[in-house]
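Visitor: Based on what follows, work out the 3D shape:
(4 chains)
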2 protein chains.
Amino acid sequence: MIYSSELIKGTLKTIVLKLLADNKKMYGYEITQRVKELTLDKIQITEGALYPTLHALESDGLVTTETEFIGKRVRKYYSLSPSGKNKTKEKVSELADFMDTMKFLLDIKPKTA
Amino acid sequence: MIYSSELIKGTLKTIVLKLLADNKKMYGYEITQRVKELTLDKIQITEGALYPTLHALESDGLVTTETEFIGKRVRKYYSLSPSGKNKTKEKVSELADFMDTMKFLLDIKPKTA
DNA sequence: GTCAGATACATTAGATTCTTATGTATCTTT
DNA sequence: AAAGATACATAAGAATCTAATGTATCTGAC
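Guide: So this is what the prediction gives:
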């Protein structure tokens, strides 16, 4: 089972930031594979979604990049900047809070029982 | 605190379906107020988001409507159709599953501890 | 009695963010 | 040598929300 794509909307940036917070530096392809692995294939980040997100994080100054060559192939590593670390804490706690709220909403029983 | 709008994306339809499942019939404005109340103002559904969503649910055959007059003012009630009830179960359990996955992701600790 | 704020519907331009498709190139395994 | 994995990137289009705007009625305070 793969989650319907609409569910991923809005959480991608937070997922990426959290992975970077836990792993110091990662490159794009690695992020897609890690998420796929951690979620047992239930979340599959496409490249068309990931790369624009990474570029946006960079232009917002939340991540820095360093390019490395593996043989002739380029690999672009992303790391959190100081402001990126703060932002990550904010986003992660907001998302955790949001999920608690959603859990509550989904458990609500009828008013007119 | 109000959740950043991006978080609501993709969950609105499920929230509406769940509320209708718990309350037999509700009208649009009532839904916005109920969500606001249940979430202590942290989720505020705007009308521009809600009405298109309700109309989409109706054209998908997931809800039926009945119009009522309160004095001279119109009020449009929405109720789940049989297929809407099935859809609600699917969406709610998918979202619950998704939230468990996200909680797991957000709790992940560094691989390189 | 009138004015503000709440109730109640609706639409629309624009922004954001994702999907799907495409492109380029290298490396590895059979 | 070919297929599949690795690795970057962009771009047209779809979906969905925000913010603004519009119409109209009801209610409570002054």
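
Visitor: how about A:Phe104, what does it touch?
Guide: By C-beta atoms under 8 Å, 6 or more residues apart in numbering or on different chains, the contact set of A:Phe104 is B:38-39. Where C-beta positions appear, they are placed from N, C-alpha and C, glycine not excepted.

Visitor: so which helix or strand takes in it?
Guide: Taking DSSP states H and E as the definition, A:Phe104 sits inside helix A:82-107.

Visitor: What average pLDDT does that helix get?
Guide: For helix A:82-107, the mean pLDDT works out to 93.

Visitor: what about it and DNA strand D, any contact?
Guide: No - using C-beta under 7 Å from any atom of the strand, helix A:82-107 never reaches DNA strand D; the gap is at least 12.8 Å.

Visitor: near DNA strand C, anything from that helix?
Guide: No - using C-beta under 7 Å from any atom of the strand, helix A:82-107 never reaches DNA strand C; the gap is at least 11.4 Å.

Visitor: For that helix, buried residues please.
Guide: Residues of helix A:82-107 classed as buried: A:84, A:87-88, A:91-92, A:95, A:98-99, A:101-102, A:105-106 (neighbour count, 16 or more other C-beta atoms under 10 Å in any protein chain shown).

Visitor: In JSON lines, list these along with distance to B:Leu20.
Guide: JSON lines is the format used below for the buried residues of helix A:82-107 (distance: C-beta to C-beta, whole Å):
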{"residue": "A:Gly84", "distance to B:Leu20": "41"}
{"residue": "A:Lys87", "distance to B:Leu20": "36"}
{"residue": "A:Thr88", "distance to B:Leu20": "36"}
{"residue": "A:Lys91", "distance to B:Leu20": "31"}
{"residue": "A:Val92", "distance to B:Leu20": "32"}
{"residue": "A:Leu95", "distance to B:Leu20": "26"}
{"residue": "A:Phe98", "distance to B:Leu20": "22"}
{"residue": "A:Met99", "distance to B:Leu20": "22"}
{"residue": "A:Thr101", "distance to B:Leu20": "19"}
{"residue": "A:Met102", "distance to B:Leu20": "17"}
{"residue": "A:Leu105", "distance to B:Leu20": "13"}
{"residue": "A:Leu106", "distance to B:Leu20": "13"}
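
Visitor: These: which ones sit near chain B?
Guide: Filtering the buried residues of helix A:82-107 for proximity to chain B (criterion: C-beta under 8 Å from any C-beta of the partner chain) leaves A:92, A:95, A:98-99, A:101-102, A:105-106.
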